[in-house]
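Peer 1: would you be able to build a 3D model of this:
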Amino acid sequence: MEMQSTPPSFVERFFKVREKGSTVRTELLAGMTTFIAMAYILFVNPNILADAGIPKEAAIASTIWIAALASLAMGIFANYPVALAPGMGLNAFFAYYVCGVLGLHWTVALGAVFFSGVLFLILTVGGIRQAIINAVPRDLKYAISVGIGLFIAFIGLKGTGLIVENSATYVSLGHVTAPTTLLSLFGLLLTAALMARNVHGSILIGIFVTTILAMILGMTPAPKGITDIVTTSLPHMGETFGQLDLAGAWHYGLISIIFTFTVVELFDNMGTLIGLTTKAKMVRPDGHIENIDKALTTDAVGTMVSAMFGTSTVTSYIESAAGIAAGGRTGLTAVAAGVLFLAALLFTPLIGLVPAFATAPALILVGALLMSEVGKIDFSDFTNALPVFLTIIMMPLTSSIANGFAFGFISYTVMKLCAGQYKKVSWIMYLVSIAFLINLALRS
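Peer 2: Reported below is the predicted structural model:
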């Protein structure tokens, strides 16, 4: 800990670092941890967008710029330790359904993303998004945090190779003795041991050590020269900037694509924010989340800007939980991550040297930490227990936070009605449950 007797610096005052029980060093380390956990998006998102027909170099540039600017805005404006980037799942819907199945041009899809951002902003300014979040029962909020924990732990387990696809049982145990799996397990145990001893930046240390060992053992490429670390040929987004087709998106239909973008992103982002803010101790005893209106406004504006830049919907990233687990409690964490995204314009070759199996242990450990919220859930009332269970289990099994939210909302409303406890359900819960039913029907 830094000396608390010295006068706080401007950075500490602006981000309320000391007030949150943190230090500048801890926040910066947390930002680095979040960035490394999210760095894969710099390579995955452009590949997905390229499948939709978007020029890859422009997709790389737009991905980096929107991740950097949106994360900076979230940190400075909302003071949240949450980084943003184009959302996984939403980019797949964009590329493989809207542009693939429906056959729409990517410029039309960008127009739909922009309209969904406008709707987000209207709902936020009108207080509707905040009201929806505040209307979520406390047990469901805890369940969302637990569900996200299982979801990201599942991603981490797949990344280590411990869990693999199986045609008969869907998933099964992988090859535990595979070299990359063994090294990933070493990274898991090393990081866990460091965390047990309360070592600052333990997750980041674990990732670095695992990556270096992978290079020494020849499991991942090591830098051979300066060109493997720094590039002077910066990617640019000239081919996608401002190319969204608003008229085409509106002409195609409000319900078919704009509504789906809006509903899925609304609750996917909501679930992520609830889970992350719960872990960051930003939720008051009455369930109110501090600065949630600013966070949602940042997300809404970020979505509109992402469409203008030429990428799919930007959203809060569950990988921010890695930074929160490393001690991040303020917007300085998000700012640090945002600055590193900007630096990625120069260091894109270096980012690619960190293998997925080196970052997978961080996701498993964060999932374990998020599971701690399960002890706060009241399972004695079955009208709460079933919705909580469905919320938790559907997130990892459907690979969607929004789906877990949908089944939780719908089952909670139905269970309370069946038990004659309809007065315990707010009108917002009824409306949102109906919206989820419509959305599930449209997507089925």
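Peer 1: which stretches of this structure have low pLDDT?
Peer 2: Applying pLDDT under 70 to the chain flags residues 1-5, 89, 200-201, 253-257, 259-260, 263-264, 267, 286-287, 351-352, 443-444.
Peer 1: stretch 363-383: which residues count as buried?
Peer 2: Residues 363-371, 373-374, 377, 383 are the ones in stretch 363-383 that count as buried (16 or more other C-beta atoms under 10 Å). In this view, the C-beta of every residue, glycine as well, is placed from N, C-alpha and C.
Peer 1: no, scratch that, I was asking about stretch 9-25
Peer 2: For stretch 9-25, burial by neighbour count (16+ other C-beta under 10 Å) applies to 12, 15, 17-18, 20, 22-24.
Peer 1: can you give me the end-to-end span of it?
Peer 2: End-to-end distance for stretch 9-25, by C-alpha to C-alpha, to the nearest Å: 13 Å.
Peer 1: using the three-state scheme, assign the closest residue to residue 214 other than its chain neighbours.
Peer 2: Excluding its sequence neighbours, the residue lying closest to residue 214 (C-beta to C-beta, 6 or more residues apart in numbering) is residue 220, at 4.3 Å. Of the three states, residue 220 takes coil under DSSP: H, G, I helix; E, B strand; the rest coil.
Peer 1: who's in contact with residue 220?
Peer 2: For residue 220, the contact set (C-beta atoms under 8 Å, 6 or more residues apart in numbering) comprises 211, 214, 353, 355, 358.
Peer 1: hey, where'd the strands end up in the stretch 1-150 of the chain?
Peer 2: Taking DSSP state E, counting those that start in this stretch to define them, one finds strands in the stretch 1-150 of the chain at 84-86.
Peer 1: can you check the stretch 201-350 of the chain too?
Peer 2: Using DSSP E, counting those that start in this stretch, strands in the stretch 201-350 of the chain cover 314-316.
Peer 1: returning to what we had before: between the buried residues of stretch 9-25, which is closest to residue 83?
Peer 2: Checking the buried residues of stretch 9-25 against residue 83 by C-beta to C-beta gives residue 15 as the nearest, at 14.8 Å.
Peer 1: any idea how far the closest one lies from residue 296?
Peer 2: To residue 296, residue 15 is 19 Å away according to C-beta to C-beta, to the nearest Å.
Peer 1: same deal with residue 8?
Peer 2: From residue 8 to residue 296 the distance is 29 Å (C-beta to C-beta).
Peer 1: do the same with residue 440
Peer 2: The gap separating residue 440 from residue 296 is 23 Å, by C-beta to C-beta.
Peer 1: more crowded one of these two?
Peer 2: residue 296 (28 against 15; other C-beta atoms under 10 Å).
Peer 1: so how far is residue 320 from the more buried one?
Peer 2: Here the distance between residue 296 and residue 320 works out to 15 Å (C-beta to C-beta).
Peer 1: same deal with residue 312?
Peer 2: Going from residue 312 to residue 320 by C-beta to C-beta gives 19 Å.
Peer 1: just residue 137 next, same as before
Peer 2: Distance of residue 137 to residue 320, given as C-beta to C-beta: 24 Å.
Peer 1: show me which of those two is the more surrounded one.
Peer 2: Counted by other C-beta under 10 Å, residue 137 and residue 320 do not tie: residue 320 has more neighbours, with 35 against 20.
Peer 1: give the contact list for the nearest residue to residue 124 once chain neighbours are set aside.
Peer 2: Of all residues not flanking residue 124 in the chain, residue 296 sits nearest, at 4.5 Å (C-beta to C-beta, 6+ apart). Each residue near residue 296 by C-beta under 8 Å, 6+ apart is listed here: 120, 124, 129-130, 269, 273.
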